[in-house]
Each structure stands twice: as structure tokens, then as C-alpha cells.
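# based on what follows, work out the 3D shape:
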Amino acid sequence: MSFSEELENFLTLYLVKGIGSVFLQKYWEVFKTFEGDISKNLHRLLPKKKAQVLEKLINSPQHRKEVFKLIELLKKERIKVFPFFSEEYKSLLGKDVETLFNKALGPALFVKGDWKKANKGFVIVGTRRATDYGKEKAFKFAHSLVKNLGLTIISGGAVGIDQSAHRGALSVNGPTGVILGEGLLEALKTKREFLTEVEQKGGFILSHFPPLAKGSKWTFPERNKILALLARLGCLIVEAPKKNNSQKGSGALITADYCNRLGRKIFVHIGFAPHPNYRGNIELLEMGLAKFVASEEELIALLENQILESKKFSTPFEENKNSSPEGFLISLLKEKPRTFDELIYLTQLSEEQITELITTLLLEGKITEAGGYYQIL
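Predicted coordinates:
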């Protein structure tokens, strides 16, 4: 695995403590690249004294050694780095990341495995303190969705519901995606056997935290934003305790909240209703934010139309002789309002192509946009 000059320069700045998304985005907006002489660019971008301090830091032997060591570790572990300006970053997280969070969600994504499998992602999440029944259902739901619909099961890798869902996918040699609440290199120290199996069976592991960062109370809720963004085909909450004044409740409810804000489909399963692990699930139903599924077969039936629809539009517009790009897009929006990410998924067009089509249709007054959804006027 090779690292370009641009990527090495990006990591050189990325590893400086105190530098984050805001500075890196400003740098990108001004220069449109991370190639070239960083020191000269810093003097063009910052006041003289600040530029000198930062220049001295990035050129110090200690910092150069740190950057070199990280790059060697990433190469050794075959970990890909997708900076916020890369097409891979945009493809994975989609335009919805800007709609929901108003900025790049972390300066970079660190990914191991076949990340393109995320395009057929279905999220299954729940509490770490899961019942045996809940773990069994998470396993069976994941097993069935992979076996019958060929989906990629995505979850957070935590003990309990998450790992049971991953295991259900792996049981039929299916792909599964692990979204970490810690750095990828850090996770490999304690979960290497599990993560290696995920990669070997066609799945992927993803983190938007620095590779050696340890997990903390804030990183795991932050990770749930990625889960929601990748829940393109929906999210199933298996067990989620209800939040109250003394506790924040299951992280699964945080994921459900993000899914709701993104317009993702939310499903819940309820085993033994009086059990506290299902209070959050029941609350989602009472608020009208989720649909109840009693069994794997019921969930498959609900998703089948969506899967068939995506296959119907799996050929790029320019390769389909039966309709123009505009005609395809309008036919999709006539069925129901859709988000930008949905249109990319259903058409398999690039972000640039969809943006151009949408802009044209908006200017012509054929469609409108409200709350992140595009619809026919």
C-alpha cells in the first residue's frame, strides 16, 4: 500500500495536537490540495508567528518520527486512509453528513477491508447488557438478512447485541461492517481475531478516530453518527433500555435518533415486553418513529420491495436505453420523496452526476426540496 505526497502531508498536519477539521478544511478551501510545500502554505494561511510555531513543530525530528511510524503501521495492517476531501470519504458517508452535522464528520476515515460493501448496509444495534433471547434474535435477524437478501450487516462491534449481529452475518460467510468507537490500530490490539475474521469474510472495519485513540464516554455516542449514515437500508433496534434522569440509556437510542433525523427506516423487535431492555423500543413505537417486526421473515418481507427497487435501478442512467437520466430520477421521486443518498444508492450514479441532475430539475421547477428530501412539485 503506497502513500502519496498529498496523503503524507495531510497526515503530517492531522497528527498535530490541536489541529482538527476546521483548520484542515480551511487549508483545503484555500489551496484545494495538500500537495506541495506545507511550510510555505502555512505562511500564506496564518499570521507570521503562528505559522513559524507550526512550521517548527511539523519539521521537528519527533513529529517526523511520529508520522513515519504511523504510516508504516498503516501500511503493515493494510489500513486505508480516506481524508475528508477524498471521493471515498464522500462515497461512504454521502451528502447527508453535511445535512445532519454541517461539517465533515472527522478529518479522515480509517478503513480495513472491503468498504464498498457498505452500499448494501443494514444496521442492527442494541444494548451491551443484552438478554440471551436478545442476542439470539440479533444473530438470527443478521443471519437471515444476509442469507436471503445479501445485505451487509453493520453494527458497533460491542459485546451484547452488536457482536451477536456480526456473528449472525459471519455464520453464513456474509459481509459485516464494524464501526469502531476507538482507533483502528487500538482495536486490533484487543479484537484482532474477530476483526480478522470480519475482513476475511468480505467485510470491513471503520473508524473516524485517530488510529491509536482509545475509546471513551464521548467516542461511542459519536460513533453512532456513522452507524446512522450507513443505515441506508434501515436500522433494527433489538434491545434498548429507555433513557431516564439517572442514565443516558442505550446507545442504540442515540443511533435511532440520528436515523430519524436522516430519514432512515427504523425497525424494533420486542421480546418480553415488561423487561427494561425493551422500554426504549416501546417508546420508539409510541412516538411513531419505528415499525415493529415480530420475526426475521417479517423484516425480510418489509425490505424485499426496497431491495427489488434498488436492483431495478442498479444500471447507471447512461447505460440504460429505456429512459433518460432525468426520466429515471423523476420516476423515483414520483414514487415518494427521497434523500440525496437514496438517489445515489438507487441509481448508482456519482455524487457529481446526481448533484447536476437535481440542480437542473430544481431550476426548472420540476422538483422541490424540504427537510433533506427531494420531491415532485
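# what is the burial count for K75?
Using other C-beta atoms under 10 Å, K75 has 12 neighbouring residues. The C-beta positions use only the backbone N, C-alpha and C, and glycine is treated the same way.
# pretty sure it is in a helix, no?
Yes. Assigned with DSSP: H, G, I helix; E, B strand; the rest coil, K75 falls within a helix.
# report the separation between it and K69.
Going from K75 to K69 by C-beta to C-beta, to the nearest Å gives 11 Å.
# cool, S216 as well?
In this view, S216 and K69 are 23 Å apart by C-beta to C-beta.
# then G160?
Distance, G160 to K69, by C-beta to C-beta: 34 Å.
# the more surrounded of these two?
Taking other C-beta under 10 Å, G160 and K69 do not tie; G160 has more neighbours (24 against 11).
# does F82 have beta-bridge partners, and which?
In this structure, F82 bridges to L109 when assessed by DSSP bridges.
# isn't it up against L93?
No. Using C-beta atoms under 8 Å, F82 is not in contact with L93; the gap is 9.4 Å.
# so these two - more neighbours on which side?
L93 (26 against 21).
# list the contacts for the more buried one?
L93 is in contact with 105, 109, 226, 229-230, counting by C-beta atoms under 8 Å, 6 or more residues apart in numbering.
# T12: which of the residues you listed is nearest?
Taking C-beta to C-beta as the measure, T12 sits nearest to L109 out of the contacts of L93, at 18.0 Å.
# and G251, how far is that from T131?
G251 is 17 Å from T131, where distance means C-beta to C-beta.
# got it, and L346?
To T131, L346 is 37 Å away according to C-beta to C-beta.
# quick one: the residue lying closest to Q375 once chain neighbours are set aside from L236, how far?
Setting aside the residues directly before and after it, Q375 is nearest to P337 in space (C-beta to C-beta, 6 or more residues apart in numbering), at 3.9 Å. P337 is 23 Å from L236, where distance means C-beta to C-beta.
# what about these two, which has more around it?
Under the criterion of other C-beta under 10 Å, the comparison of P337 against L236 puts L236 first, with 29 against 18.
# tell me what the one helix or strand the more buried one maps to is packed against?
Take DSSP states H and E as the rule and L236 turns out to sit in strand 235-237. Applying 3 or more C-beta pairs under 8 Å, 6 or more residues apart in numbering; DSSP states H and E, one finds that strand 235-237 contacts strand 121-125, helix 251-262, strand 266-268, helix 279-286.
# so which of the ones you listed comes closest to P61?
Taking the helices and strands packed on strand 235-237 one by one with C-beta to C-beta, helix 251-262 is closest: 41.2 Å.
# tilt between the closest one and helix 279-286?
20 degrees (axes from the mean of the first three to the mean of the last three C-alpha atoms, to 10 degrees).
# and helix 251-262, C-alpha only, in PDB?
Extracted in PDB, the C-alpha atoms of helix 251-262 (Å, rounded to 0.1, in the frame of the first residue of the first chain):
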ATOM      1  CA  GLY A 251     -26.500   4.000  22.700                       C
ATOM      2  CA  ALA A 252     -29.000   2.300  20.300                       C
ATOM      3  CA  LEU A 253     -31.500   5.000  21.100                       C
ATOM      4  CA  ILE A 254     -28.900   7.600  20.100                       C
ATOM      5  CA  THR A 255     -28.400   5.800  16.800                       C
ATOM      6  CA  ALA A 256     -32.200   5.700  16.300                       C
ATOM      7  CA  ASP A 257     -32.400   9.500  16.900                       C
ATOM      8  CA  TYR A 258     -29.800  10.100  14.200                       C
ATOM      9  CA  CYS A 259     -31.600   7.600  11.900                       C
ATOM     10  CA  ASN A 260     -34.800   9.500  12.400                       C
ATOM     11  CA  ARG A 261     -33.100  12.800  11.600                       C
ATOM     12  CA  LEU A 262     -31.700  11.300   8.400                       C
END
